[in-house]
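Asker: would you be able to build a 3D model of this:
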Amino acid sequence: MALPPSHPGDRPIAVFDSGVGGLTVLHELLVRLPTEDFVYLADTARFPYGNRSQAELEQFSLEIAEELLRHQAKLLVVACNSATAAALPALQARMMQTTLGVDAIGVVKPGGVHAVAATRNGRVGILATPATVASGAYLEAVAAADPHVAVTQVACPDLAPLIEEGFPYDEQVVETVRRYVAPLREAGVDTVVLGCTHYPLVRPMLQRMLGPDVTIIASGEPLARQVSHVLGARGLASGREREGDYAFLCTGAPEGFRTLGTRFLQMPLGRVEQVALGGGALPAGPSPTSGEAPAGRSLGVTGRPA
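Answerer: Presented below is the predicted three-dimensional model:
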């Protein structure tokens, strides 16, 4: 029997990122939790996040959380390493103030724990944005799991923007990736965490440059496992048997996000709704889709083909 629309388990899981990179996380969630509904918000008008301050990232993340609460989210997934590192405690505090008491989880801890379990020589590398590296979030996550694991971090200020520019990749991307990999090879790491959700798009290139014996960890898969556990523990798993819906919001131009996002998600995006955050005006671009979602069924924009 289908759950009534007002049942908490029938609400969507909310996911956000600064751009299309978090779609690599959403992809894993869609595969692992096929009956769940999702709403994904991309803050493309303020991309990239990787060079911003902690105060900015916390402000942006809280604005995004308010928008996603309007869509009746039952769980908040921060599919952005920079936002997770800067704002997860503030997000967790805010989401627990809601009537439902919404959990907020991020990509850093699952990736760090998985890396500790995977390493054979106790040397782990982190490729991440400057904001994530400066926060020390991965150092803390790895140390909490095993304080004896050595960590080499490499800040990659221009890699996410290069990936976001689209395909095909040219020699500039190849040389950029090679430059960032060099310190990890010198450190002799046997496990590398992709500390930005854009980086899985260049995973084959990274694997070639790191070598076949180096394990590469993308946070999407371990995070999807954690989401499944949280839903089960909280009694919030969907009781439906049908395939779930997925909807998309962005703060920038919808057309550009849809075109590039389809390649990242490896599934059709359908329509994308443009939203304003923090009470600001909508950025220039195609007219946003109008309409407010009804309570309990917030997915007015579906990613499934008709």
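Asker: could you find the closest non-adjacent residue to the residue nearest the centre of the chain?
Answerer: With distances taken as CA atoms, centre = their mean, A79 lies nearest the centre of the chain, 1.6 Å away. Computed as CB to CB, 6 or more residues apart in numbering, the closest residue to A79 that is not its neighbour in sequence is G22, at 3.2 Å. C-betas here are computed from N, CA, C, even on glycine.
Asker: what is the neighbour count of the one you found?
Answerer: Residues near G22, counting by other CB atoms under 10 Å, number 30.
Asker: who touches it in this structure?
Answerer: G22 makes contact with 15-16, 40, 42, 79-80, 197, according to CB atoms under 8 Å, 6 or more residues apart in numbering.
Asker: rerun that using 6 Å as the cut-off
Answerer: By CB atoms under 6 Å, 6 or more residues apart in numbering, the contact list for G22 reads 79-80, 197.
Asker: can you tell me how far it sits from L29?
Answerer: The gap separating G22 from L29 is 10 Å, by CB to CB, to the nearest Å.
Asker: stretch 154-163: which residues count as buried?
Answerer: The neighbour-count criterion (16 or more other CB atoms under 10 Å) identifies 154-156, 158-160, 162-163 as the buried residues of stretch 154-163.
Asker: where does the stretch 1-150 of the chain dip in pLDDT?
Answerer: 1-6 (pLDDT under 70).
Asker: residue ranges for the helices of it, please.
Answerer: Applying DSSP state H, counting those that start in this stretch to the stretch 1-150 of the chain gives helices spanning 23-32, 54-70, 81-95, 108-118, 130-135, 137-145.
Asker: can I get those in JSON lines with mean neighbour count?
Answerer: JSON lines is the format used below for the helices of the stretch 1-150 of the chain (neighbours: other CB atoms under 10 Å):
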{"stretch": "helix 23-32", "mean neighbour count": "22"}
{"stretch": "helix 54-70", "mean neighbour count": "19"}
{"stretch": "helix 81-95", "mean neighbour count": "23"}
{"stretch": "helix 108-118", "mean neighbour count": "22"}
{"stretch": "helix 130-135", "mean neighbour count": "22"}
{"stretch": "helix 137-145", "mean neighbour count": "19"}
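Asker: which among the ones you listed is found nearest to G232?
Answerer: helix 23-32 (12.3 Å; CB to CB).
Asker: re earlier: out of the contacts of G22, list just those in strands.
Answerer: Applying DSSP state E to these, no entry is found in strands.
Asker: out of the residues you listed, which one sits closest to R120?
Answerer: Proximity of the contacts of G22 to R120 (CB to CB) peaks at T197, which lies at 25.5 Å.
Asker: now do the strands in the stretch 201-306 of the chain.
Answerer: 215-218, 246-250, 273-274 (DSSP state E, counting those that start in this stretch).
Asker: neighbouring strands of the longest one in the sheet, and parallel or not?
Answerer: Looking at strand 246-250 with DSSP bridges, its paired strands and their directions are strand 38-42 (parallel), strand 273-274 (parallel).
Asker: so which of the ones you listed comes closest to G261?
Answerer: Nearest to G261, of all these, is strand 38-42, at 7.4 Å by CB to CB.
Asker: the closest one to helix 23-32, inter-axis angle?
Answerer: Per axes from the mean of the first three to the mean of the last three CA atoms, to 10 degrees, the angle that strand 38-42 makes with helix 23-32 is 180 degrees.
Asker: so how far is stretch 71-78 off the chain centroid?
Answerer: Here stretch 71-78 is found 13 Å from its chain centre; the criterion is CA atoms, centre = their mean, to the nearest Å.
Asker: likewise stretch 93-103?
Answerer: Relative to its chain's centre, stretch 93-103 lies at 20 Å (CA atoms, centre = their mean).
Asker: and stretch 133-145, by the same measure?
Answerer: Centre-to-centre, stretch 133-145 and its host chain are 18 Å apart (CA atoms, centre = their mean).
Asker: do the same with stretch 37-57
Answerer: Centre-to-centre, stretch 37-57 and its host chain are 10 Å apart (CA atoms, centre = their mean).
Asker: identify each buried residue in it, please.
Answerer: Within stretch 37-57, the residues scored as buried using 16+ other CB under 10 Å are 37-52, 56-57.
Asker: now the end-to-end length of that stretch.
Answerer: One end of stretch 37-57 to the other measures 26 Å (CA to CA, to the nearest Å).
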